[in-house]
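Student: Fold the stuff below for me.
(chains A and B)
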Amino acid sequence: MPDLLLELRSEEIPARMQRKAAGDLKKLVTDGLVEAGLTYEAAGDYWTPRRLTLDIRGLNARSKDVHEDRKGPSVNAPEQAIAGFLRSAGLSDISEAHVHTDPKKGDFYVAHLTKPGRAAEDIIAELLPSIIREFPWPKSMRWGAASSKPGSLRWVRPLQSILCTFGPETEEPVVVDFEIDGLRAGNVTYGHRFLSDGKPITVRRFDDYVAKLEKAKVVLDADRRKEMILSDAHNIAFASGLELVEDEGLLEEVSGLVEWPVVLMGEFEEEFLAIPPEVIRLTIKTNQKCFVTRRHGEADRLSNNFILVSNIEATDGGREIAYGNGKVVRARLSDALYFWHTDQHDLPDMHTLAAAGIKFDLDLKKPLDQRMARLDALNVTFHAKLGTQGERVTRIRALARDIAPLIGADPTLAMRAAVLAKADLTTEIVGEFPELQGGMGRKYALLQKEHLSVAAAIEEHYKPQGPADFVPSDPVSVAVALADKLDTLVGFWAIDEKPTGSKDPFALRRAALGVIRLLLSSDRKFELLPVFEAAFAQLREDSIEQRLEQFEERQAAQQTGDVDGEEDVINAISGFEKRVRDQVSARARPVLLDLLGFFHERLKVHLRDLGARHDLIDAVLTEGADNLLLIARRVEALVVFLNTEDGKNLLAGTKRAANILSAEEKKGTVVTETVDPALFSLDEERHLHAAVNQAESQAAQAIQKEDFSGAMVALSALREPVDSFFEKVLVNDENPDIRANRLALLSRIRTATNTVADFSKIVG
Amino acid sequence: MTSPLPDHMQPTRSFQGLILTLHNYWAEQGCVILQPYDMEVGAGTFHPATTLRSLGPKLWKAAYVQPSRRPKDGRYGENPNRLQHYYQYQVIMKPSPANLQELYLGSLRAIGLDPLVHDIRFVEDDWESPTLGAWGLGWECWCDGMEVSQFTYFQQVCGIECAPVSGELTYGLERLAMYVQGVDNVYDLNFNGLEGDEKVTYGEVFLQAEQEYSRHNFEHANTTTLLRHFEDAEAECEALLKAGSPKEGDNRPMHKMVLPAYDQCIKASHAFNLLDARGVISVTERQSYILRVRNLARQCGEAFLLTEAGGANLKSESV
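Tutor: Next up, the predicted model:
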């Protein structure tokens, strides 16, 4: 069976797009072939910076003929109808049609149509131009003389040649002939831009294609290039007594920048090692796409050797390349060193910082305090409706103060940490490498001798960033982390910017998960709703102030020159302020309950990810439950209980009771409100009644003390009486009073178990 | 290639030799060799030979050196790599030739960078000039890890789709010269290629200027005056565009005063850069200033299409 080889060779494709583009090409072509009636055995996709290649094996040479019978009119139909049938079926004369007989309809015409199969080559030649024209590049461009006309070919960078051959292994393959904007498919490609002789390479099929490219210094398979780079990098590092600091993202990118990887080692001065290691690593990685190394046995400290991947086997063995890269790395590191020092010194625009200094109680002699003052003075917008970064820090500080006692943190430290938490956003290093936010703040805080917990909180308040991220435990970190996230969540809820479907531009789901993980890993009693309200109150102050300002401006504009009106203005303003306050608080409750509902949803997802059963979470979750830790503990206790013999049986008994009750309720049977012991005739009834009363009150007491296992133990005492009751007692007594009383007793089982969980929501 | 140049004019020996070599190379490729535009601009792209000439259907090939001013990058002459005034070498070819990458690599060979010794790479870099309403796709060209040029296929300029697309090459001359001369400090560059008493360094030519302009840019530029300059230039640009615009009843709607209007757009842009360096533009204002300059550039671009050089006559003739 024939194979298809396709290569689209272009000017350098951005590294980050190559893998996906090759995958897209494979999917589009194979889907198109299958849709056209062809099948294939295997398909492989390959890429380098300058080509996307597709290797499809075992393709049919032709698509199959497709037969179709098209029913026509009756043989007695008028001539017009028959002419219409001939036209639509593509027949020239009615004699080409067949006559079929149907017992009801009589004789009628049928056209036996055959859509003949097509040669695979034709299908490919028709399919590829449209795929290439409509290729889903994230960004594409026009070029050259053709771009003077609308509708010219777009590609990620200028497309230079198309190679497309097709044929069975035993024969000379043919070129599939098609053309796009003057580019005609052929059987020619070119090797490495510099290392090959630059002459055209004629290709027959995939096997000789790969071999000829390799000879022309192109390694087609990106994963092989990655392996080569990684193993050479390890070796070259090892030979110098160093270890490679691996980086998968960088490896992927670098493998997309070279067709012939050659690994070399470069060097910079040891004095640059004074820069924090992560800054060195990012500088070298982001700007130079090189790997860093460390000495054997070092944990964090880097060595002054880096590893680079070049695209050529240089005639001087790479001396110039390593030297040149070293120069650039040095220049970059001297910038980084300059930033690192600048951030530890006074800002030039100190005079603009005084107001912020007072507002946040800053010590403007300290560099990080100055950076916070600048963040405020710059009026950087956080979100158009949620104010500036400075305003946000004001809110987080107030909220951190409120939260601190709930978490066992010193409120003064929490406030200090909140004030400095965002200060590093205006440092030079974070300006250069935003991913170092927090981490740099911590370093600068330590340098200016902040309390260790304050310094830690500056870094840790961003955490946890996802389901696997580190959860801080220092109470100051926890307080500021909660304040930061809850301010964000309540703020975005208040302006109705909630996540929808796959859209969550402000990462609110992640923020909520962060809060959940923080609360579940501390053992403090923490109710969310009052904290939501506190966060909302902070926003409210801000929004009232803003609205008041607008209002005052309007009034002032109207009242210019009218001195007598001044009192009116003040009255009007206080009336306005009151109205706004009332409006806001009336609106607050439903918004905050909705946010709590969002937390319930996220908690369910989180607990389920940890392995808890969805139905058990539902069984304990009640609307308005705002202590997440208690919810989680209740689920845990329930899991344990339902794994015991008592638990399983009690669940079965409770469900049985519930079934009987709901069946009777459907029939309209009367169930008395309360149980009347005087109507008991059997011991089992009396025992159950006593047991229910006792279990319920003990369970309620245990729950009061947040002792969920205790509550479960209390309930387990019900198991035996419930079982004996069902064994010995006939609920459907002839006497309707007794029956109603027994049903009431059953419903008491339900209410008693409800103190712990809604058993009706538990499956099984 | 045997070089007719004397030793001290070799591109690896002197800064001016580098420029002359590039001039020769691109002249051989048929480019018009222009001189710098006589106004303060932030980049070679601002030269009307690029901004305006990249619009419209007419063929165009040009190369020139453009002194570029980035007031914010001043370091009082103390940083070995950063300057508030530096030279860009600019090449523009419309439409972009199919072998533009090869032509570019040829220019590197001409200045002594052998691609079998040096690692030359095309690394993704999409270019955008928000003030000019221009963008394109292309690369940073790396030599041994150092960005030595920017290579862009213009897709849009002055907010107008390029048809056809131009290819633009921008070389950072100081950086390139430092590389080929093997010098770590820009001020140590050999400017004239001579040695001993006759040697002139880049520092002798420009260090004092860097110090003085840094003082001006960061400390003394009068912001009130600059603000007024910005507003004046903006008003003047619009007035000139209006005065030169086609009149009703003209049988061909031609614009008669695009280039002077565009000069005012350049002036506004430089005033903005200085204000920015002085730190008097807040984050929110910044965006609105950029939009105001872009608006001028857009109007100039649209007007340019109504001129001879913009191809207005070509179009009507072909109808």
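
Student: Now the phi/psi pair for residue 151, please.
Tutor: Picking chain A for this. The phi/psi pair for residue A:151 (degrees, to the nearest 10) reads phi 80, psi 10.

Student: wrong chain, I was asking about chain B
Tutor: phi -130, psi 120.

Student: In which helix or strand does the closest residue to chain B within the stretch 201-350 of chain A reside?
Tutor: Among residues of the stretch 201-350 of chain A, the one nearest chain B by Cβ to the nearest Cβ turns out to be residue A:324. It sits 2.7 Å away. C-beta coordinates here come from the backbone N, C-alpha and C atoms, glycine included. Secondary structure from DSSP states H and E places residue A:324 in helix A:319-342.

Student: What are the buried residues along that helix?
Tutor: Using 16 or more other Cβ atoms under 10 Å in any protein chain shown as the burial criterion, the residues of helix A:319-342 that qualify are A:320-322, A:324-337, A:339-340.

Student: Just checking the next helix or strand after it against chain B, any contact.
Tutor: For helix A:319-342, the following helix or strand on the C-terminal side (DSSP H and E) is helix A:354-359. No - judged by Cβ under 8 Å from any Cβ of the partner chain, helix A:354-359 stays clear of chain B, getting no closer than 14.5 Å.

Student: what helices or strands is helix A:354-359 leaning on?
Tutor: Contact partners of helix A:354-359 among helices and strands, from 3 or more Cβ pairs under 8 Å, 6 or more residues apart in numbering or on different chains; DSSP states H and E: helix A:367-377, helix A:389-407.

Student: Tell me how many other residues crowd the residue in the stretch 51-200 of chain B that chain A sits nearest to.
Tutor: Proximity to chain A, evaluated over the stretch 51-200 of chain B using Cβ to the nearest Cβ, is greatest for residue B:144 at 2.7 Å. By other Cβ atoms under 10 Å in any protein chain shown, 26 other residues sit near residue B:144.

Student: Am I right that it is in contact with residue B:121?
Tutor: No - Residue B:144 lies out of contact with residue B:121 (Cβ atoms under 8 Å); the separation is 9.1 Å.

Student: give the contact list for residue B:49.
Tutor: Neighbouring residues of residue B:49 by Cβ atoms under 8 Å, 6 or more residues apart in numbering or on different chains: B:32, B:34, B:37, B:62, B:64, B:92.

Student: Could you tell me the model confidence score at it?
Tutor: On pLDDT, residue B:49 comes in at 97.

Student: Would you pull up the residue in the stretch 601-750 of chain A closest to chain B?
Tutor: Closest point on the stretch 601-750 of chain A to chain B, by Cβ to the nearest Cβ, is residue A:602, at 33.3 Å.

Student: quick one: the helix holding residue A:324 to helix A:367-377, angle?
Tutor: Relative orientation of helix A:319-342 versus helix A:367-377 (axes from the mean of the first three to the mean of the last three Cα atoms, to 10 degrees): 80 degrees.

Student: Report the mean confidence score over helix A:319-342.
Tutor: So the average pLDDT for helix A:319-342 ends up being 92.

Student: Pull the CA coordinates from it and hand them back as PDB.
Tutor: Presented in PDB, the C-alpha positions along helix A:319-342 are these (Å, rounded to 0.1, in the frame of the first residue of the first chain):
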ATOM      1  CA  ARG A 319      35.200  28.600  21.000                       C
ATOM      2  CA  GLU A 320      33.800  31.900  19.600                       C
ATOM      3  CA  ILE A 321      30.200  30.800  20.200                       C
ATOM      4  CA  ALA A 322      30.900  30.000  23.900                       C
ATOM      5  CA  TYR A 323      32.900  33.200  24.300                       C
ATOM      6  CA  GLY A 324      30.100  35.300  22.600                       C
ATOM      7  CA  ASN A 325      27.400  33.800  24.700                       C
ATOM      8  CA  GLY A 326      29.400  34.300  27.800                       C
ATOM      9  CA  LYS A 327      29.700  38.000  27.000                       C
ATOM     10  CA  VAL A 328      25.900  38.300  26.600                       C
ATOM     11  CA  VAL A 329      25.200  36.400  29.800                       C
ATOM     12  CA  ARG A 330      27.700  38.700  31.600                       C
ATOM     13  CA  ALA A 331      25.900  41.800  30.300                       C
ATOM     14  CA  ARG A 332      22.500  40.400  31.300                       C
ATOM     15  CA  LEU A 333      23.800  39.400  34.700                       C
ATOM     16  CA  SER A 334      25.400  42.800  35.200                       C
ATOM     17  CA  ASP A 335      21.900  44.300  34.600                       C
ATOM     18  CA  ALA A 336      20.500  41.900  37.100                       C
ATOM     19  CA  LEU A 337      23.200  42.800  39.600                       C
ATOM     20  CA  TYR A 338      22.400  46.400  39.100                       C
ATOM     21  CA  PHE A 339      18.700  45.800  39.700                       C
ATOM     22  CA  TRP A 340      19.400  43.700  42.800                       C
ATOM     23  CA  HIS A 341      21.500  46.600  44.200                       C
ATOM     24  CA  THR A 342      19.100  49.400  43.000                       C
END
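
Student: what helices or strands is the helix or strand hosting residue A:479 leaning on?
Tutor: Using DSSP H and E, residue A:479 sits within helix A:475-494. Helix A:475-494 is packed against helix A:389-407, helix A:411-421, helix A:452-460, helix A:508-521, helix A:528-559, helix A:566-609, with contacts defined by 3+ Cβ pairs under 8 Å, 6+ apart.

Student: rank those helices by mean pLDDT and give me the bottom one.
Tutor: Across these, the lowest-scoring stretch is helix A:528-559, with a mean of 70.

Student: where does the stretch 151-300 of chain B have low pLDDT?
Tutor: In the predicted model, the stretch 151-300 of chain B carries pLDDT under 70 at residues B:282-284.

Student: Strands of that one, start to end?
Tutor: Using DSSP state E, counting those that start in this stretch, the strands found in the stretch 151-300 of chain B span residues B:160-161, B:167-172.

Student: Which pLDDT value goes with the nearest residue to the residue of the stretch 201-350 of chain A closest to chain B once chain neighbours are set aside?
Tutor: What sits nearest to residue A:324 in space, not counting adjacent residues and going by Cβ to Cβ, 6 or more residues apart in numbering or on different chains, is residue B:144, at 2.7 Å. On pLDDT, residue B:144 comes in at 94.

Student: give me every residue that touches the residue of the stretch 601-750 of chain A closest to chain B.
Tutor: A:509, A:512-513, A:516.

Student: domain parsing for chain A?
Tutor: As given by the TED database, the domain ranges for chain A are A:2-62+A:119-216, A:66-115, A:222-344, A:352-526, A:537-613, A:628-761.

Student: and the fourth one, how far apart are its ends?
Tutor: Going back to what we said before, that points to domain A:352-526. Start and end residues of domain A:352-526 are separated by 40 Å (Cα to Cα, to the nearest Å).
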